[in-house]
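1. quick one, what's the 3D model for this:
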Amino acid sequence: GISTLVSQLNAIDPALLDMMSGSYKYGIFGFFAGWLFAGIGVMGQAHVMVRFMIIDHAENAKIAVWYYAGLVTILSVLCIAAALCARVLLPELASGDAELALPTLSSNFLPAILGGVFLAGLFSASISSADSQILSSSAALTRDLFSKYSDNVLWAKAGTFLIGLFALGIVLSG
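-> As a prediction, this is how the structure comes out:
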C-alpha cells in the first residue's frame, strides 16, 4: 500500500519524497515549470499538431487543450508513482541504468503475456515517435531547405532516406 511505499522510500532516502529538495534547483516548482514548457513545446510538434488541425470548431480546441492537459497530468503522476515503486522494488537499478525500470518491472511482476503487451506498447510508442521525427525532419529538408524540388516525389523519398541514414548513424555511434 501507499503507507508501506512511503515508509520504504523514507528508509532509502528521505529526500525522495521531499518536493523541495533533490536535483531540482527550485523543487517541485522547477519540475512544474519544466513540465509546462516541455508540454507547450510538444503541442507544437508536427505529429501532435495534426491532431489539433482536425478540430471542427474553435470552441472544441479549448476542450481538446483541457483534455490534453488533464491526461498529461495523470500520465506525469503515474510516471512518478512508477518510478518511486521501482526505486523500492528494484534497488539494484539505483546504481545502474534507471531507464530499465519499466521493462524490468513488467517482466518481473506481470504475467508473461501482459509483460509482452506492455513491452510491445513501449517499443511501439518509441518507434512511432522516432518515425514522426524522421518524417518531420525529411519534410523540412525536402520542402523548406530545397523548396524548388518540393514537388518531386523522388527527392522526397531520397530526403527521407538521407535523414533515416543520419538518424541511424547517430544511433550506431552511441
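
2. where in this structure is pLDDT low?
-> 21-25, 43-44, 46-47 (pLDDT under 70).

3. longest helix anywhere in this structure?
-> helix 58-89 (DSSP state H).

4. mind giving me the packing neighbours of whatever helix or strand comes next after it?
-> Later in the chain than helix 58-89, the nearest helix or strand by DSSP states H and E is helix 101-109. For helix 101-109, the contact count by 3 or more C-beta pairs under 8 Å, 6 or more residues apart in numbering; DSSP states H and E identifies helix 58-89, helix 112-139 as packing neighbours. Bear in mind the C-beta positions are built from the backbone N, C-alpha and C, glycine included.

5. Serialize those to JSON lines and add fields for distance to residue 39.
-> Formatted as JSON lines, the helices and strands packed on helix 101-109 follow (distance: least, C-beta to C-beta, whole Å):
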{"stretch": "helix 58-89", "distance to residue 39": "6"}
{"stretch": "helix 112-139", "distance to residue 39": "15"}
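
6. export those helices as JSON lines, with columns for distance to residue 174 and mean neighbour count.
-> Shown next, in JSON lines, are the helices and strands packed on helix 101-109 (distance: least, C-beta to C-beta, whole Å; neighbours: other C-beta atoms under 10 Å):
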{"stretch": "helix 58-89", "distance to residue 174": "23", "mean neighbour count": "12"}
{"stretch": "helix 112-139", "distance to residue 174": "13", "mean neighbour count": "13"}
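
7. the ones you listed: which one's closest to residue 14?
-> The minimum distance between residue 14 and those falls on helix 58-89, with 12.7 Å, by C-beta to C-beta.

8. what angle do the closest one and helix 101-109 make?
-> Orientation note: helix 58-89 sits at an angle of 60 degrees relative to helix 101-109 (axes from the mean of the first three to the mean of the last three C-alpha atoms, to 10 degrees).

9. show me what helix 58-89 is packed up against.
-> Where contact means 3+ C-beta pairs under 8 Å, 6+ apart, helix 58-89 is packed against helix 2-12, helix 28-43, helix 46-53, helix 101-109.

10. now the angle from it to helix 2-12?
-> 60 degrees.

11. most remote residue from the middle of this structure, which is it?
-> No residue in the chain sits farther from the centre than residue 148, which is 35.0 Å out by C-alpha atoms, centre = their mean.
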